[in-house]
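[1] pasting a predicted model and its sequence here:
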Protein chains: 2
Amino acid sequence: MDLAPDAFARDCASRVVLDRIGDRWTVLIVVALSDGALRFSQLRSKIEGITPKVLTQTLRALERDGLVTRTVFAEVPPRVEYELTDLGRDLLAPIDAIRVWAEDHAARIVANRERHDG
Amino acid sequence: MDLAPDAFARDCASRVVLDRIGDRWTVLIVVALSDGALRFSQLRSKIEGITPKVLTQTLRALERDGLVTRTVFAEVPPRVEYELTDLGRDLLAPIDAIRVWAEDHAARIVANRERHDG
């Protein structure tokens, strides 16, 4: 019996993890946090066009997965910061490679689409 | 004026590319084709649980993006094969790193979720 995770297997948990880490907003949030902790408002202005609802949902999912921590500082008003965990930091290299590839090849892929549809 | 692609910018085309390459089924199809061309039925049995409809849709999107080619061989019955283009082959390294990360950390992330929900 092979117990090694295999993303090609129907019920492998790695598929759920793939859904999480491949998500557009996850990629941008994890990369945005690469230089250190940020507040909600800072994340929101860095990641243009993300709605507060989607940012909240994605941060909660990342917290649940143990990729991001949420820390509340007892100030008035309370300051809330989000930071990558060690696990989140470990994800940074592969996820940033995906972002860089998308940026480097965006023009070519858009051109391919236009040629295909034209 | 900065014309370099920037996935943090609202309307950057790289975001659409991110959606494509981060998709669970894209990851599995591209990795499945890493050893060479495959037929539809071979892809379907390799990627457990993918429906014919989703496989068809994802292959069409990959073709449109110039990541996969579809070749029809004039046999009876006609043989149809899918193969990575050079661009698709270039995507293999970053996309496979994501798959490997998902497999390597699936158990830990599932445990984090259970601890969080418990």
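    Received the coordinates, thanks.
[2] ranges for the strands of chain A?
    Under the criterion DSSP state E, chain A contains strands at A:38-39, A:68-73, A:79-84.
[3] which other helices and strands contact the first one?
    Spelled out, that is strand A:38-39. strand A:79-84 (3 or more C-beta pairs under 8 Å, 6 or more residues apart in numbering or on different chains; DSSP states H and E). The C-beta positions use only the backbone N, C-alpha and C, and glycine is treated the same way.
[4] same list, the strands of chain A, but as CSV with mean pLDDT and mean neighbour count please.
    What follows is the strands of chain A, written out as CSV (pLDDT from 0 to 100; neighbours: other C-beta atoms under 10 Å in any protein chain shown):
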stretch, mean pLDDT, mean neighbour count
strand A:38-39, 98, 15
strand A:68-73, 96, 13
strand A:79-84, 96, 17
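[5] what's near enough to touch the spatially closest residue to residue A:96 that is not a sequence neighbour?
    Of all residues not flanking residue A:96 in the chain, residue A:31 sits nearest, at 5.5 Å (C-beta to C-beta, 6 or more residues apart in numbering or on different chains). Residue A:31 makes contacts with A:92, A:95-96, A:99, B:7, as judged by C-beta atoms under 8 Å, 6 or more residues apart in numbering or on different chains.
[6] now residue A:31: how far from residue A:7?
    Per C-beta to C-beta, to the nearest Å, residue A:31 is found 23 Å from residue A:7.
[7] show residues contacting the worst-scoring helix or strand of chain A on mean pLDDT.
    When the helices and strands of chain A are compared on mean pLDDT, DSSP states H and E, helix A:13-22 comes out lowest with a mean of 92. The contact list for helix A:13-22, computed with C-beta under 8 Å, 6+ apart, reads A:5-7, A:26-27, A:61-62, A:65, A:91, A:94-95, A:98, B:21-24, B:27, B:98-99, B:101-103, B:105-107, B:109-110.
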